[in-house]
Structure formats: structure tokens, C-alpha cells
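Colleague: What follows is a protein structure lacking sequence information:
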Ligand code: CDP
Ligand code: MG
């Protein structure tokens with residue numbers, strides 16, 4: 001049975017800075033993800049703080065929000081069968097050092113903070129995160 005979902009993907013500043021956005025978009029397309037919506041934006045620190053509010057209490061929260069707002073990002077709505085889980089698998093582990101061969105973070109990630117991509121971690125959060133960037 002098919003289970004078409006949508007999830008939020010972000011190409012983070014380290015990847016946009018290295019001009020990897022087209023390559024990463026092609027990776028998604030070649031792996032069966034349809035890019036329904038996309039935009040290149042540069043968010044403020046306050047917006048990043050809102051987006052990552054779930055990490056508020058973490059020691060890395062301030063650096064994380066400073067980083068996500070440090071340069072342009074590409075936000076995308078991806079659609080696929082089981083898109084949320086499929087995207088998490090395709091991204092690989094948070095720390096590129098631990099990411100499996102063939103995953104985006106293994107290929108493009110630089111470090112645990114500059115790990116090139118974000119992906120929603122549940123269907124519920126995907127809805128919240130898609131609304132955050134695409135609700136108008
Ligand atoms: O992005 P993911 O869901 O894999 O990881 P997370 O635990 O939700 O953390 C969000 C982001 O915070 C990560 O993608 C990392 O960029 C960053 N982070 C960090 O800088 N240092 C850590 N020890 C853990 C996460
Ligand atoms: Mg997460």
C-alpha cells in the first residue's frame with residue numbers, strides 16, 4: 001500500500017555556500033523524491049530560534065541558530081512514499097562521521113554542525129515545519 005507523505009528538507013548554509021544546491025536537489029530527484037515547492041531564503045536569527053525551538057535547552061542551541069541564519073538556505077517540500085523516514089535515511093546520521101556510505105551527510109557534510117541538510121523527524125513535525133516555511 002502506498003503512503004505518500006511530504007517532508008521538509010533544508011539545504012543548510014554550508015552546502016549553499018559551496019554551491020551544492022543543484023547537486024543535492026538532483027540527488028533527491030534521482031532517489032524518487034519529488035520537489036513540490038522550493039525557495040532560497042536567508043532567515044534571521046530570531047526565525048532560526050523559532051524553527052529550532054525544540055532544541056532550546058541544548059548547549060548547541062545558540063550556535064545552531066546563529067549558523068542556520070548565517071547565510072542563504074534552500075527550503076523544500078519533498079514528496080515520496082514514506083517521505084519522512086526515507087529522507088531521514090537518505091540524509092544519514094547527524095554527525096557526518098557516523099553517516100553511512102551513500103548518504104547526503106556522508107557525501108557533503110563537514111562536521112556535526114555543518115552537516116549540509118535538515119529533514120523533519122516525524123510526520124507531525126513535517127507538517128509543522130512545512131507550515132513554518134510555506135504557509136502564506
Ligand atoms: O538534524 P538532526 O535531526 O539529525 O539532529 P538534531 O539532534 O535534531 O539536531 C539539530 C541540528 O543541531 C543538527 O543537524 C546539527 O547541525 C546540530 N547539532 C550540533 O551542532 N551539535 C550537536 N551535538 C547536535 C546537533
Ligand atoms: Mg532533528
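Modeller: Looks like it came in fine. Keep in mind the model is a prediction, meaning the values are calculated, not measured. Ligands and ions are numbered 1, 2, ... in the order given.

Colleague: do you know how far the residue most central in space within the chain is from ligand 1?
Modeller: Centrality entry for the chain: nearest residue to the mean C-alpha point is residue 118, 2.1 Å, by C-alpha atoms, centre = their mean. Separation of residue 118 from ligand 1 (C-beta to the nearest ligand atom, to the nearest Å) stands at 6 Å. For every residue, glycine as well, the C-beta is placed using N, CA and C.

Colleague: Show the contacting residues for the closest residue to residue 10 other than its chain neighbours.
Modeller: Spatially, and ignoring its direct neighbours in sequence, residue 10 is nearest to residue 118 (3.8 Å; C-beta to C-beta, 6 or more residues apart in numbering). Contact analysis of residue 118 by C-beta atoms under 8 Å, 6 or more residues apart in numbering lists 8-10, 12.

Colleague: Could you check the pLDDT of residue 118?
Modeller: Confidence at residue 118, expressed as pLDDT, is 98.

Colleague: is it true that it lies in a strand?
Modeller: Yes - Residue 118: assigned to a strand according to DSSP: H, G, I helix; E, B strand; the rest coil.
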